[in-house]
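Undergrad: Coordinates for the following, if possible.
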Amino acid sequence: MFGNTVFSVLFLPGHSPGHIGFYHAESKSLLSGDVLFQRSVGRTDLPGGDFETLIGSIQKKIFVLPEDVTIYPGHGDPTTVRDEKIYNPFCALTQRA
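TA: Numbers count the residues shown, from 1 in each chain. Okay, here's the model as predicted:
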């Protein structure tokens, strides 16, 4: 909870082993931290990072959310689930596989 606002906690490993995001269904908002950015993904070259785990988190936890959910990443501009499914070069490749 943050004030009267209740978030769902999403376990999103990959950037780091214990990474989490915060989803607010009512406002269709996701605070993704450093997992998913506009047209990019978080680093996985630091200790505990793993690219396959990161992509799995994105596909299984973020891309199942409604397409009009706004993603607020840890850095950069907001984006949407829909746009990242279509335009993110890291995720678009895995969507075709």
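Undergrad: what residues are up against residue 25?
TA: residue 8 (C-beta atoms under 8 Å, 6 or more residues apart in numbering). Placement of C-beta: from N, CA and C, glycine included.
Undergrad: State the distance from residue 79 to residue 68.
TA: Using C-beta to C-beta, to the nearest Å, we find residue 79 at a distance of 11 Å from residue 68.
Undergrad: for residue 38, same thing?
TA: Taking C-beta to C-beta, one finds residue 38 at 16 Å from residue 68.
Undergrad: out of these two, which sits in the more crowded spot?
TA: Set residue 38 next to residue 68 and count neighbours by other C-beta atoms under 10 Å: residue 38 wins out with 16 against 9.
Undergrad: Nearest spatial neighbour of the more buried one, chain-adjacent residues omitted?
TA: Nearest residue to residue 38, sequence neighbours excluded (C-beta to C-beta, 6 or more residues apart in numbering): residue 79, at 4.1 Å.
Undergrad: Check that neighbour and give its pLDDT.
TA: Residue 79 is assigned 98 on the pLDDT scale.
Undergrad: What strand or helix carries residue 21?
TA: strand 20-24 (DSSP states H and E).
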